[in-house]
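Engineer: I would like the atomic coordinates for the input below:
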Amino acid sequence: MQPGTLWAPLSGVPQLLLVVACASDARNRRIPNVLVLITAVTGILFAVIAKSWASGLWQAGAGLGTGLLIWLPLYALGVLGAGDVKLFAAAATFLGPHGAMEGALYTALYGGVLAGAFMIVDSGWTLTAIRVAHAVQQPALLRNETASKRRRMPYAIAIAAGVLTALWLPGYLIP
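Structural biologist: A predicted model of the protein is given here:
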């Protein structure tokens, strides 16, 4: 475990910020920019307090940059919304670059489970199983173009779960 990484998960601040983001995303399918900014600034402050000024600033900035680099291509492809990308990058200030990579893997895993759950709720078990089985050869079958904006998946839930898992269990996926 890296020095200073234990303080942030024990404070409850990252958890609170991510819960607020999840509530907003679930209710409105939007993550407010002010919440993203507060999350990023708080993560930077935690890093600077837990480490030296320069080291903390570098660690948090590198986490933010890594988070953006990982998720920005998915925004460009239309898979994720801009708020999701910004939220992950802001939350990655608590993780640093290594933790951001690990958090992205956890987020992708949780996102897959969440997407499966949403498919089952929307289409039922049978149709979901058929779509997933056929998607091995034709991945476009997983895309549901008829879903309304109201039914879009609140990906902040997967982001929060992934970031918090990486924060609480650093080094389990990527030693």
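Engineer: The closest residue to residue 94 other than its chain neighbours sits in which helix or strand?
Structural biologist: Spatial nearest neighbour of residue 94, excluding adjacent residues (Cβ to Cβ, 6 or more residues apart in numbering): residue 43 at 4.4 Å. To be clear about C-beta, it is placed using only N, CA and C from the backbone, and glycine gets the same treatment. Here residue 43, judged by DSSP states H and E, is contained in helix 33-50.
Engineer: If you average the pLDDT over that helix, what comes out?
Structural biologist: For helix 33-50, mean pLDDT is 95.
Engineer: That helix: what's the following helix or strand?
Structural biologist: Assigned by DSSP H and E, the successor of helix 33-50 is helix 53-76.
Engineer: What helices and strands are in contact with that next one?
Structural biologist: Counting contacts by 3 or more Cβ pairs under 8 Å, 6 or more residues apart in numbering; DSSP states H and E, helix 53-76 is packed against helix 33-50, helix 82-91, helix 96-135.
Engineer: Buried residues in the shortest one, which are they?
Structural biologist: Taking 16 or more other Cβ atoms under 10 Å as the basis for neighbour counts, the residues of helix 82-91 that come out buried are 83-91.
Engineer: I'd like to check the angle between it and helix 53-76, please.
Structural biologist: On the basis of axes from the mean of the first three to the mean of the last three Cα atoms, to 10 degrees, helix 82-91 is oriented at 160 degrees to helix 53-76.
Engineer: swap in the last one?
Structural biologist: Here the directions of helix 96-135 and helix 53-76 differ by 20 degrees (the same axes, to 10 degrees).
Engineer: Return the distance of helix 96-135 from the chain's centre.
Structural biologist: 13 Å (Cα atoms, centre = their mean, to the nearest Å).
Engineer: Could you point out the helix or strand that follows it?
Structural biologist: Proceeding N to C from helix 96-135, the next assigned helix or strand is helix 156-168, under DSSP H and E.
Engineer: Kindly reformat the buried residues of helix 82-91 as TSV containing distance to residue 106.
Structural biologist: Listed next are the buried residues of helix 82-91 as TSV, based on distance: Cβ to Cβ, whole Å:
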residue	distance to residue 106
83	19
84	15
85	16
86	18
87	14
88	11
89	15
90	16
91	12
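Engineer: separation between the nearest residue to residue 82 once chain neighbours are set aside and residue 42?
Structural biologist: Of all residues not flanking residue 82 in the chain, residue 75 sits nearest, at 5.8 Å (Cβ to Cβ, 6+ apart). The gap separating residue 75 from residue 42 is 23 Å, by Cβ to Cβ, to the nearest Å.
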